[in-house]
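In: Any chance you can model this:
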Amino acid sequence: MELAKLVNNKLKLYGFNNLTKTLSFNIYDICYTKTEEDRKKYIEYIDEQYNSDRLTKILTNVTEMIGACVLNVAKQDYDPQGASVTLLISEEEVPLYVLDPSCNRGILTPTRENIVGHLDKSHVTVHTYPESHPQNDISTFRVDIDVSTCGTISPLNALNYLIDSFDSDIITIDYRVRGFTRDVNGAKHYIDHEITSIQNFIAQQTIDRYNLIDMNIYQSNIFHTKMKVRDINLDNYLFEIKEEDLTKEQKEDIIKRLDKEMSEIFYGINLPNV
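Out: Numbers count the residues shown, from 1 in each chain. Predicted coordinates:
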């Protein structure tokens with residue numbers, strides 16, 4: 001569903017669309033890492049796979065999908081782990097003569113070590129958090145993403161791309177429309193498109209892979225969806241271990257541990273040890 005077309009076809013506005021639409025993600029990848037060496041290698045693998053350069057490419061693609069233009073990019077890889085990228089974006093391309101001299105338009109010099117990206121009326125950010133614990137055989141990788149836009153462009157247009165860009169076992173999505181805009185008669189409008197659930201904008205093949213829960217406050221234009229992967233294919237969660245080398249009892253124990261970790265994150269509670 002293209003929200004810009006919906007707005008243009010059904011709602012005639014006076015002046016600029018002043019609504020702010022914000023899409024926030026928490027995405028979790030879960031992995032079984034038996035030894036301290038495995039946990040260390042997993043963190044190194046995640047840091048390499050989702051470094052600031054790759055994250056910048058993902059956010060640049062998001063910007064193009066929602067019909068915006070990059071004004072500025074800032075990025076950083078952290079020690080010992082993690083990365084951040086921020087893009088400042090604009091709904092329309094900003095002419096060079098009015099562009100702030102500090103903006104790089106996403107063109108980075110080879111020697112620059114940190115990057116933030118800006119849209120002129122909006123922004124896109126991503127932060128990564130790989131983590132493990134010596135008393136737990138499970139390692140996790142969390143990605144926080146925020147896409148905030150003004151005007152007719154909407155972050156919902158990049159929803160499926162963002163989900164598919166990461167190995168997502170648990171996904172928490174928040175969408176909120178803030179402020180108001182006016183139509184040609186001066187009446188206020190607090191939302192400019194139809195939505196009953198974030199699930200309306202998630203591809204069916206994705207919905208089929210997850211268990212989903214909605215918590216929505218319709219009168220405040222706040223929408224919340226949590227997703228937990230339905231099936232645990234053990235081979236997808238083993239690091240430096242092959243499923244064929246495990247006994248039946250070991251496989252069952254690992255699946256219980258993985259499911260416990262996912263359930264704790266999904267429900268936001270700590271469960272008894274398995």
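In: alpha carbons only for contacts and neighbour counts from here, please
Out: OK.
In: what about the strands in the protein?
Out: Applying DSSP state E to the chain gives strands spanning 20-32, 69-77, 83-90, 122-133, 136-150, 170-178, 181-182, 188-189, 210-217, 222-229.
In: Between these, which one is closest to I241.
Out: Distance to I241, taken as CA to CA, is lowest for strand 20-32 among those, at 9.0 Å.
In: which helices and strands does that closest one pack with?
Out: Where contact means 3 or more CA pairs under 8 Å, 6 or more residues apart in numbering; DSSP states H and E, strand 20-32 is packed against strand 136-150, strand 170-178, helix 248-267.
In: Pick the most buried one from these.
Out: Neighbour counts (mean count of other CA atoms under 10 Å) averaged over each of the helices and strands packed on strand 20-32 peak at strand 136-150, with a mean of 21.
In: Send over that strand as PDB, restricted to the C-alpha atoms.
Out: Output in PDB follows, covering the C-alpha atoms of strand 136-150 (Å, rounded to 0.1, in the frame of the first residue of the first chain):
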ATOM      1  CA  ASN A 136      24.400 -18.600  29.400                       C
ATOM      2  CA  ASP A 137      24.900 -20.700  26.300                       C
ATOM      3  CA  ILE A 138      22.700 -18.300  24.300                       C
ATOM      4  CA  SER A 139      24.000 -15.200  22.600                       C
ATOM      5  CA  THR A 140      21.800 -12.500  21.200                       C
ATOM      6  CA  PHE A 141      22.100  -9.700  18.700                       C
ATOM      7  CA  ARG A 142      19.700  -6.800  18.900                       C
ATOM      8  CA  VAL A 143      19.100  -4.100  16.300                       C
ATOM      9  CA  ASP A 144      17.300  -0.900  17.100                       C
ATOM     10  CA  ILE A 145      15.900   1.000  14.100                       C
ATOM     11  CA  ASP A 146      14.000   4.300  14.000                       C
ATOM     12  CA  VAL A 147      12.500   5.800  10.800                       C
ATOM     13  CA  SER A 148      10.800   9.100  11.300                       C
ATOM     14  CA  THR A 149       9.300  11.100   8.400                       C
ATOM     15  CA  CYS A 150       7.200  14.200   7.800                       C
END
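In: What helices and strands are in contact with it?
Out: strand 20-32, helix 36-49, strand 122-133, helix 248-267.
In: Report the rounded mean pLDDT for that strand.
Out: The average pLDDT for strand 136-150 rounds to 91.
In: and for stretch 184-200, what are the contacting residues?
Out: 3, 6-7, 11-14, 19, 173, 175, 177-183, 207, 214, 216, 218, 221, 223-225 (CA atoms under 8 Å, 6 or more residues apart in numbering).
In: dump the residue contacts of S132.
Out: Counting by CA under 8 Å, 6+ apart, S132 touches 39, 138-140.
In: Where does the prediction get shaky in this protein?
Out: 1-11, 91-92, 94-121, 274 (pLDDT under 70).
In: any idea which residue of it is furthest from its center?
Out: Within the chain, N185 marks the point farthest from the mean C-alpha position, 37.2 Å out by CA atoms, centre = their mean.
In: Give me the phi and psi for that one.
Out: Main-chain dihedrals, N185, degrees, to the nearest 10: phi -90, psi 0.
In: For Y14, see how far away it is.
Out: Distance check for N185 against Y14: by CA to CA, to the nearest Å, it reads 8 Å.
In: what's across from H133 in the sheet?
Out: Beta-bridge partners recorded for H133 (DSSP bridges): N136.
In: Surely it and S139 touch.
Out: Yes. If you go by CA atoms under 8 Å, H133 and S139 touch, sitting 7.3 Å apart.
In: returning to what we had before: got the strands of the chain as CSV, with distance to T196 columns?
Out: CSV is the format used below for these (distance: least, CA to CA, whole Å):
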stretch, distance to T196
strand 20-32, 15
strand 69-77, 29
strand 83-90, 27
strand 122-133, 24
strand 136-150, 19
strand 170-178, 11
strand 181-182, 20
strand 188-189, 17
strand 210-217, 8
strand 222-229, 8
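In: most neighbours per residue, which of these?
Out: strand 83-90 comes out most buried of the strands of the chain by mean count of other CA under 10 Å, with a mean of 27.
In: so how far is it off the chain centroid?
Out: Chain-centre distance of strand 83-90: 13 Å, with CA atoms, centre = their mean, to the nearest Å.
In: now that strand against strand 69-77, angle please.
Out: 170 degrees (axes from the mean of the first three to the mean of the last three CA atoms, to 10 degrees).
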